[in-house]
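> when you get a sec, could you give me coordinates for this:
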Amino acid sequence: MEGILANKIFSSLNRLAFDLNDLNSLASGIFELSMEPMMVLDSLGRVAAINPAFCQMTGYTDAYLQGKNLGFLFAGYDDPDTAVQSFLSELMKDGYWHGQIVSRAVDGHLINLEAKFADVLNQDSLNQFYFGVCSQLNRINPSEQCSDGINFNPNIDSLTGVLNLGSFMYRLEYAIRMSEKYKLNLSLLLIDIDNFHNLNEQFGYVFGDRLIKKFAIELNKLLDKADTVARIKDDKFLILVNDVKSQKQIELKANQIFGHFQNKGLFGNMLNTLPFTMAIASYPVSGKTASDLIKAAVDIVAKGKDNGGNQIVYDKLLVK
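Numbering: from 1, shown residues only. Modelled structure (predicted):
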């Protein structure tokens, strides 16, 4: 969804003619209404504007960042200046940039971002801007910071060590192709921790990060080697189970995972248990593409949460 929105915005902006004086109208339109973090860079790669969603994500204000270079955006690296130069060089050469960035919020947390930037020109090409849309993949406890930009693995969630969404999508698409070719079934499990925002508010982000890391460790213990797990957002995990022979097989796995996290004391004295809602979708019953399967799982988990959460919810029969 974020990629589709970003592409639509890029397409729309490239049809606009505006100069620096037009940034107020741009901010009051696309920027102010969007829930996605966005920024505009001037022709030299300095910050021209950021939207409220970007302010909320990082803690910076628009007034503070205007006119500054992008060192703050790449502050998660040991050498931010080199990272900025590499980013701007590619952006200005190709007119487009898509990748992951390790940034830093005002409170010290590192933020793993996926970002898209594209150039935007006015009609007579007198002024050039670069428009960016970001999505937060996860927040990283300062004590768990990566040592440098070179060692940062863009395929891995920095906090938990499991795959991120981009890598998971690649594997899911490949698994679907193999399942189609050999007439196999696969299942997708979406885990959404209940009330995780409230836990962060009550105990703090450091506790929340430790909780997520512990959850990923315990989850990995329960999976087979052929299974694939990814963290796709602060409190959400996806699990890919290949070659599902029967509905009973996937039900047993789901119940094993769900039951494990109901054990008291797993997360120390602060939490007796960690409730979550698990949705299960299946290829080809729930969808025949990766995006359709994930959408089905998201819709299913929403129904489970509407019914009180802390449960397993299935989409129809898992296997034909």
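> residue ranges with poor pLDDT in the chain?
For the chain, residues meeting the criterion pLDDT under 70 lie at 1-33, 121-126, 138-155, 270, 316-320.
> which element is the most centrally placed residue in it on?
Centroid-nearest residue in the chain, with Cα atoms, centre = their mean: Leu137, separated by 3.2 Å. Element membership for Leu137 (DSSP states H and E) is strand 128-140.
> cool, and Ala83?
helix 80-94.
> packing partners of that helix?
The helices and strands touching helix 80-94, judged by 3 or more Cβ pairs under 8 Å, 6 or more residues apart in numbering; DSSP states H and E, are strand 96-104, strand 110-121. In this view, the C-beta of every residue, glycine as well, is placed from N, C-alpha and C.
> in its sheet, what does the first one sit against?
Pointing back at strand 96-104 there. Each strand paired with strand 96-104, and its direction, by DSSP bridges: strand 110-121 (antiparallel).
> dump the partner strand to PDB, keeping only the CA atoms.
In PDB, the C-alpha atoms belonging to strand 110-121 read as follows (Å, rounded to 0.1, in the frame of the first residue of the first chain):
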ATOM      1  CA  LEU A 110      17.800   4.100  15.900                       C
ATOM      2  CA  ILE A 111      15.000   3.800  13.300                       C
ATOM      3  CA  ASN A 112      15.200   1.300  10.400                       C
ATOM      4  CA  LEU A 113      13.500   3.000   7.500                       C
ATOM      5  CA  GLU A 114      12.500   2.000   4.000                       C
ATOM      6  CA  ALA A 115      12.600   5.200   1.800                       C
ATOM      7  CA  LYS A 116      11.800   6.200  -1.700                       C
ATOM      8  CA  PHE A 117      13.000   9.500  -3.200                       C
ATOM      9  CA  ALA A 118      12.400  10.900  -6.700                       C
ATOM     10  CA  ASP A 119      13.300  14.200  -8.400                       C
ATOM     11  CA  VAL A 120      10.500  16.700  -9.100                       C
ATOM     12  CA  LEU A 121      11.000  19.500 -11.600                       C
END
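> gap between the closest residue to Gly59 other than its chain neighbours and Ile212?
Of all residues not flanking Gly59 in the chain, Val106 sits nearest, at 3.2 Å (Cβ to Cβ, 6 or more residues apart in numbering). Separation of Val106 from Ile212 (Cβ to Cβ, to the nearest Å) stands at 21 Å.
> who has more neighbours out of these two?
Shown here are Val106 and Ile212; by other Cβ atoms under 10 Å, Ile212 has more neighbours (24 against 12).
> need the three-state assignment for the more buried one.
helix (DSSP: H, G, I helix; E, B strand; the rest coil).
> so it makes contact with Ile232?
No - using Cβ atoms under 8 Å, Ile212 makes no contact with Ile232, being 12.0 Å away.
> what is in contact with these two at once?
The overlap between the contact sets of Ile212 and Ile232 (Cβ atoms under 8 Å, 6 or more residues apart in numbering) is empty.
> run through who's touching the helix holding Ala83.
45, 69-71, 73-74, 77, 97, 101, 117, 119, 130, 149.
> ok, and the most crowded of those?
Most neighbours among these, by other Cβ under 10 Å: Leu73, with 28 neighbours.
> right, and that residue touches Ile101 too?
Yes - contact criterion Cβ under 8 Å: Leu73 and Ile101 qualify, at 6.3 Å.
> re earlier: what sits closest to the residue nearest to the centre of the chain if chain neighbours are left out?
Asn112 (4.3 Å).
> in the sheet, who's paired with the one you found?
As assigned using DSSP bridges, the partners bridged with Asn112 are Val102, Asn138.
> okay, now it: neighbour count?
Counted with other Cβ under 10 Å, Asn112 comes out at 23.
> who's in contact with Leu211?
Leu211 makes contacts with Leu199, Phe267, Leu271, Leu274, as judged by Cβ under 8 Å, 6+ apart.
> any idea how far it lies from Leu113?
Taken as Cβ to Cβ, the span from Leu211 to Leu113 is 22 Å.
> ok, now Lys214?
Noted for Lys214: a distance of 24 Å to Leu113, by Cβ to Cβ.
> what of Lys245?
Going from Lys245 to Leu113 by Cβ to Cβ gives 40 Å.
> same question for Phe215.
Taken as Cβ to Cβ, the span from Phe215 to Leu113 is 22 Å.
> coming back round to it: need the winner for burial among the helices and strands packed on helix 80-94.
Sort the helices and strands packed on helix 80-94 by mean neighbour count, taking mean count of other Cβ atoms under 10 Å, and strand 110-121 sits at the top with a mean of 21.
> that one vs helix 80-94, what angle?
Taking axes from the mean of the first three to the mean of the last three Cα atoms, to 10 degrees, one finds strand 110-121 and helix 80-94 inclined to each other by 30 degrees.
> strand 110-121: how far from the chain's middle?
How far strand 110-121 lies from its chain's middle: 13 Å, per Cα atoms, centre = their mean, to the nearest Å.
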